[in-house]
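Visitor: build the 3D model from these lines:
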Amino acid sequence: MQSGESYQQDILRAARDSVPVALGYIPLGIGMGMLLTGAGIDWWWAPVFAIFMYSGSLQYLLVPMIAAHEPLIAIALATLLIQLRHIFYGISFPLDLVPAKLGKLYAIHALTDEAYALIAAKPRAELTGRRILLTQLFCQLTWIFGCAAGALLGLAVPIDPRILNFAMTALFLVLMIEAYQNNPARKELLFTAGIAAGALLIPANLFLPVALSALTLLLMLTAHFASKPASPESAS
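Guide: Purely as a prediction, here's the structure:
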């Protein structure tokens, strides 16, 4: 009986935890689905993307890349660089609470920015492996629903695929402004703008992988030198 009550409690807590994410995932998923059908891709790819390529920013990026027939190596490299941050999420994510191997694999697959923020903020004593998996599952289900609904809506209300570039630019500008407000690192922002401007000189199909590679290298160098202790000479 206690096990059944515990299971119900985990379901209710996970559903409650995922509500704030669902409020963002559903409209964003609808936008992603509409962009996908607007780019001329069959609607049923929207839930497929949401299941197997479960990443909001990555899916928004992949739609115009696929529609433009970008090389597979460019898509793979962009995916790697964008998802590289999940390595750092894994350091503090309580994956050890998830007992089954299949459960661990799903927890890794469904580790989005929002799911990480929900789960990592909880006291470890309140978490169970079941609650973690249910929270991630509820989040992904809302994203799948949003993407599928948007794709079907896009068939009924076709949009001009030329707005894809504008939508992506607007999305990442909003993300950049939000990140800058939370961490106003002016030096890094100037370096990033310089990388983007320099990458404009290379062929368009190589812009994204080159720019992301340069940005990743810059962040690694910045973190390396920032972690070095000041020398006695400089301190004096």
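Visitor: give the next helix or strand downstream of the lengthiest helix in the chain.
Guide: For the chain, the helix that runs over the most residues, judged by DSSP state H, is helix 2-38. Using DSSP states H and E, the next helix or strand after helix 2-38 towards the C-terminus is helix 45-52.
Visitor: residue ranges for the helices of this structure, please.
Guide: Counting by DSSP H, one finds helices in the chain at the ranges 2-38, 45-52, 56-67, 72-83, 86-92, 101-109, 113-120, 129-156, 163-182, 186-199, 204-226, 232-235.
Visitor: can you give me how far the longest helix of the chain is from the chain middle?
Guide: 15 Å (CA atoms, centre = their mean, to the nearest Å).
Visitor: what is that helix packed up against?
Guide: Helices and strands touching helix 2-38, by 3 or more CB pairs under 8 Å, 6 or more residues apart in numbering; DSSP states H and E, are helix 45-52, helix 56-67, helix 113-120, helix 129-156, helix 163-182. Placement of C-beta: from N, CA and C, glycine included.
Visitor: other SSEs contacting the longest one?
Guide: Based on contacts counted as 3+ CB pairs under 8 Å, 6+ apart, the elements that helix 129-156 packs against are helix 2-38, helix 45-52, helix 101-109, helix 113-120.
Visitor: tell me which of those helices lies nearest to Leu61.
Guide: Closest to Leu61 of the helices and strands packed on helix 129-156, according to CB to CB: helix 2-38, at 10.4 Å.
Visitor: can you give me the buried ones in that closest one?
Guide: By 16 or more other CB atoms under 10 Å, the buried positions in helix 2-38 come out as 10, 13-14, 17-18, 21-22, 25-26, 28-38.
Visitor: returning to that earlier point: same list (the helices and strands packed on helix 129-156) but as TSV, adding distance to His69.
Guide: Output for those, formatted as TSV (distance: least, CB to CB, whole Å):
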stretch	distance to His69
helix 2-38	15
helix 45-52	15
helix 101-109	27
helix 113-120	29
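Visitor: so for Ala199, which of those helices sits nearest?
Guide: Ala199 lies closest to helix 2-38 among the helices and strands packed on helix 129-156, at 23.5 Å (CB to CB).
Visitor: what stretches of the chain score poorly on pLDDT?
Guide: 1-5, 88, 158-172, 174-176, 178-179, 181-186, 205, 208, 226-236 (pLDDT under 70).
Visitor: just the helices and strands packed on helix 2-38: most buried one?
Guide: Across those, averaging neighbours per residue (mean count of other CB atoms under 10 Å) puts helix 129-156 on top, at a mean of 21.
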